[in-house]
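S.K.: take this sequence and fold it.
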Amino acid sequence: AFGPIGAETDKIVRFARRAAQSFGGLDAVINLVPLAPIEFETALSMGAIDRLVADRLRGACIFSSIAANRMSVTLTEGLILNVAILATPARGRHQALAAVIKAAVAAMTRLQAEAWADKAIRFNAIVPQTLPIGIEPVLRSEPDVATLALYLASARGEGLSGLLFEAEAAQASR
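M.R.: Numbering: from 1, shown residues only. Reported below is the predicted structural model:
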């Protein structure tokens, strides 16, 4: 969970700058946003759930902006992958939570992809599975998620931006 917005933003900015300096720049960034349904158990309204989701995604959004700016300044074409997966499979009432998370990450990722497209900085996301029961997701394990991340960061993934990929929760979050 995040603390006060200003203090948390300062921590994220310092971390992002240190990462870029340590590695001499950035060409691929993966924002991991672990989400546990238990965190949302006390939210009694859609507004409360929306606020919790926004709080959980705020760090990834800020870090993404800093990383994209750094890539732009250094004329680096790159990838930023937002990964927000539930810690447990989205069944029953958690299916609605997965849908809210998916919608929020989709909106964030598409807006970022559009904003940075002219700089050749790509944004994609991996979100909780909201496919109907009986339809198997393509990403069913952590190695599947890693393989997709490597593909998107490679030259073969250069033309892919603003896309969402669904992952099965329990196995992909280990």
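
S.K.: so where is the chain shaky, pLDDT-wise?
M.R.: 1-7, 40, 87-94, 131-137, 169-174 (pLDDT under 70).

S.K.: show me where this protein has helices.
M.R.: For the chain, the helices defined by DSSP state H cover 5-22, 46-73, 94-116, 142-153, 169-172.

S.K.: could you export the ones you listed as JSON lines, including distance to I126 and mean neighbour count?
M.R.: Every residue, glycine included, has its C-beta placed from N, CA and C. Formatted as JSON lines, these follow (distance: least, CB to CB, whole Å; neighbours: other CB atoms under 10 Å):
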{"stretch": "helix 5-22", "distance to I126": "20", "mean neighbour count": "13"}
{"stretch": "helix 46-73", "distance to I126": "12", "mean neighbour count": "18"}
{"stretch": "helix 94-116", "distance to I126": "9", "mean neighbour count": "18"}
{"stretch": "helix 142-153", "distance to I126": "6", "mean neighbour count": "16"}
{"stretch": "helix 169-172", "distance to I126": "8", "mean neighbour count": "19"}
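
S.K.: and of those helices, who's closest to A125?
M.R.: helix 94-116 (4.2 Å; CB to CB).

S.K.: now do the closest one: which elements does it pack against?
M.R.: Using 3 or more CB pairs under 8 Å, 6 or more residues apart in numbering; DSSP states H and E as the contact test, the elements touching helix 94-116 are helix 46-73, strand 78-86, strand 121-128, strand 164-167.

S.K.: angle of the first one against strand 78-86?
M.R.: In terms of direction (axes from the mean of the first three to the mean of the last three CA atoms, to 10 degrees), helix 46-73 departs from strand 78-86 by 160 degrees.

S.K.: Provide a list of residues in contact with the residue sitting nearest the centre point of the chain.
M.R.: Closest to where the C-alpha atoms of the chain average out (CA atoms, centre = their mean) is N82, at 2.0 Å. Residues near N82 by CB atoms under 8 Å, 6 or more residues apart in numbering: N31, V33, L57, A60, S64, V105, M108, T109, F123, N124, A125, I126.

S.K.: closest one to S45 out of these, please.
M.R.: Once CB to CB is applied, the member of those that ends up nearest S45 is L57, at 18.5 Å.

S.K.: hmm, the closest one is touching A107, no?
M.R.: No: counting by CB atoms under 8 Å, A107 is not a contact partner of L57; they are 9.7 Å apart.

S.K.: and the gap between L111 and G162?
M.R.: 9 Å (CB to CB, to the nearest Å).
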